[in-house]
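S.K.: Quick check, what structure comes out for this input:
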Amino acid sequence: MSKQVRHFLEVSQYDTETLTKILDNADAMKKARIGHPRGEVEPDAPLAGKVLAMVFEKPSTRTRVSFDVAMRQMGGQTLVLSSAEMQLGRGETVADTAKILSGFVDGIMIRTFGDDKLQELAAHATVPVINALTDFSHPCQIMADMQTLREVKGDLGGLVVAWSGDANNVANSWIHAAGRFGFELRIAAPEELQPSRQIMDWANSAGAKITVTDKPEDAVTGVDCVVTDTWESMGDEPNHNLHNMLQPYQVDQRLMDMARPDAIFMHCLPAHRGEEVTAQVIDGPQSVVFAEAENRLHAQKAVLGFCMADDE
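M.R.: Sure, this is the predicted structure:
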């Protein structure tokens, strides 16, 4: 059965019921893989014959490998492209690129800089477009984070999560998730690096429970989960002023001890031990970062199925 083209651009794009169904499918597919070789194709091969173009304008480890393995396990194939290898990097318009790729492949995953490029690609593509990271958001990461949080803590509603550090693109997707899944999110960041008016206006309209402070101790006290991210985005030049500004927001054991005794630590990786998080925390018993990383595979399989499978 054919269906209308579905993009996956933001967590905020879909309602709670739809997102929960995607997470349920991710859980089911993860359980079904237990005991099977990673290269084995699933019996029903829901993406058999399908091709996903993976466009990278930023470096990647988890995103590239997880999407590639996900497509293979679901019976499909991938085509990896960088902007340096495409006419897109030589002046061809995003609109033309979207139309051309739509004639060759069944879906487009893109990891890029500006959100405007993602939106333009989706506006002109006739196949699903999946946001694998922009400077504004990282929705596939957050779906894996929600899967991990559910696995450890159960129902997401009623949980309290603290973010400590730069309120960046990943933090924006955590805000979207708080609005959709009903948990409380406390964000601790220097005033210059706090969430934008745009994202906070969305949070208010969605009824999200968001608190913003410049005091990490206030944010983490009594929470169920503490989250952080790198202090510099990939490709950025080292910025000592930024490091000095964010040093008080480092997640160390002192900060973790202010959370609940059974609180977990999350980080989307790659991590820089000694900067945004200490080795004691990220390598300690409260850390779930590697389970979180593995769940990129399962959550993205569910997203791929939602966007690209013929059978809903």
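S.K.: Run through the protein and note the low-pLDDT ranges.
M.R.: The chain contains residues with pLDDT under 70 at 1-3, 87, 89-90, 233-238, 312.
S.K.: Tell me which stretches of it form strands.
M.R.: For the chain, the strands defined by DSSP state E cover 51-56, 77-82, 107-111, 129-131, 160-164, 184-188, 209-213, 225-228, 264-267.
S.K.: Turn these into TSV, columns for distance to Lys117.
M.R.: Every residue, glycine included, has its C-beta placed from N, CA and C. Below are the strands of the chain laid out as TSV (distance: least, C-beta to C-beta, whole Å):
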stretch	distance to Lys117
strand 51-56	10
strand 77-82	14
strand 107-111	8
strand 129-131	10
strand 160-164	26
strand 184-188	26
strand 209-213	27
strand 225-228	27
strand 264-267	27
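S.K.: Save those as TSV, and put in mean neighbour count and distance to Arg296 too.
M.R.: TSV is the format used below for the strands of the chain (neighbours: other C-beta atoms under 10 Å; distance: least, C-beta to C-beta, whole Å):
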stretch	mean neighbour count	distance to Arg296
strand 51-56	22	14
strand 77-82	16	15
strand 107-111	27	12
strand 129-131	27	13
strand 160-164	27	19
strand 184-188	24	21
strand 209-213	16	25
strand 225-228	27	15
strand 264-267	24	13
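S.K.: so which of these comes closest to Val69?
M.R.: Val69 lies closest, by C-beta to C-beta, to one member of those: strand 77-82, at 9.3 Å.
S.K.: Can you dump the C-alpha atoms of that closest one in CSV for me?
M.R.: Output in CSV follows, covering the C-alpha atoms of strand 77-82 (Å, rounded to 0.1, in the frame of the first residue of the first chain):
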residue,chain,number,x,y,z
GLN,A,77,20.8,-0.1,0.4
THR,A,78,22.6,3.2,1.0
LEU,A,79,24.5,5.7,-1.1
VAL,A,80,26.9,8.0,0.8
LEU,A,81,27.5,11.4,-0.6
SER,A,82,29.5,14.4,0.6
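S.K.: ok, and what's touching it?
M.R.: Strand 77-82 has contacts (C-beta atoms under 8 Å, 6 or more residues apart in numbering) with 50-57, 64, 67-68, 71-72, 89, 105.
S.K.: hey, where'd the helices end up in the chain?
M.R.: Taking DSSP state H, the helices of the chain run over residues 16-33, 62-73, 94-102, 115-124, 139-153, 169-181, 197-206, 216-220, 240-246, 253-256, 279-282, 289-308.
S.K.: Please tabulate those in CSV and include mean neighbour count as additional columns.
M.R.: Putting those into CSV (neighbours: other C-beta atoms under 10 Å) gives the following:
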stretch, mean neighbour count
helix 16-33, 16
helix 62-73, 20
helix 94-102, 18
helix 115-124, 18
helix 139-153, 23
helix 169-181, 25
helix 197-206, 14
helix 216-220, 21
helix 240-246, 13
helix 253-256, 18
helix 279-282, 18
helix 289-308, 22
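S.K.: Throw the ones you listed into JSON lines and include distance to Gly39, thanks.
M.R.: Compiled in JSON lines, these are given as follows (distance: least, C-beta to C-beta, whole Å):
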{"stretch": "helix 16-33", "distance to Gly39": "11"}
{"stretch": "helix 62-73", "distance to Gly39": "7"}
{"stretch": "helix 94-102", "distance to Gly39": "27"}
{"stretch": "helix 115-124", "distance to Gly39": "30"}
{"stretch": "helix 139-153", "distance to Gly39": "21"}
{"stretch": "helix 169-181", "distance to Gly39": "30"}
{"stretch": "helix 197-206", "distance to Gly39": "40"}
{"stretch": "helix 216-220", "distance to Gly39": "41"}
{"stretch": "helix 240-246", "distance to Gly39": "41"}
{"stretch": "helix 253-256", "distance to Gly39": "38"}
{"stretch": "helix 279-282", "distance to Gly39": "30"}
{"stretch": "helix 289-308", "distance to Gly39": "13"}
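S.K.: Compare those helices and report which one is nearest to Asp229.
M.R.: helix 169-181 (5.0 Å).
S.K.: Count the neighbours of Glu192 for me.
M.R.: Per other C-beta atoms under 10 Å, the neighbour tally for Glu192 reads 9.
S.K.: For Leu304, see how far away it is.
M.R.: In this view, Glu192 and Leu304 are 37 Å apart by C-beta to C-beta, to the nearest Å.
S.K.: try Tyr14
M.R.: Distance from Tyr14 to Leu304, counting by C-beta to C-beta: 15 Å.
S.K.: Over to Met256?
M.R.: Taking C-beta to C-beta as the measure, Met256 falls 34 Å from Leu304.
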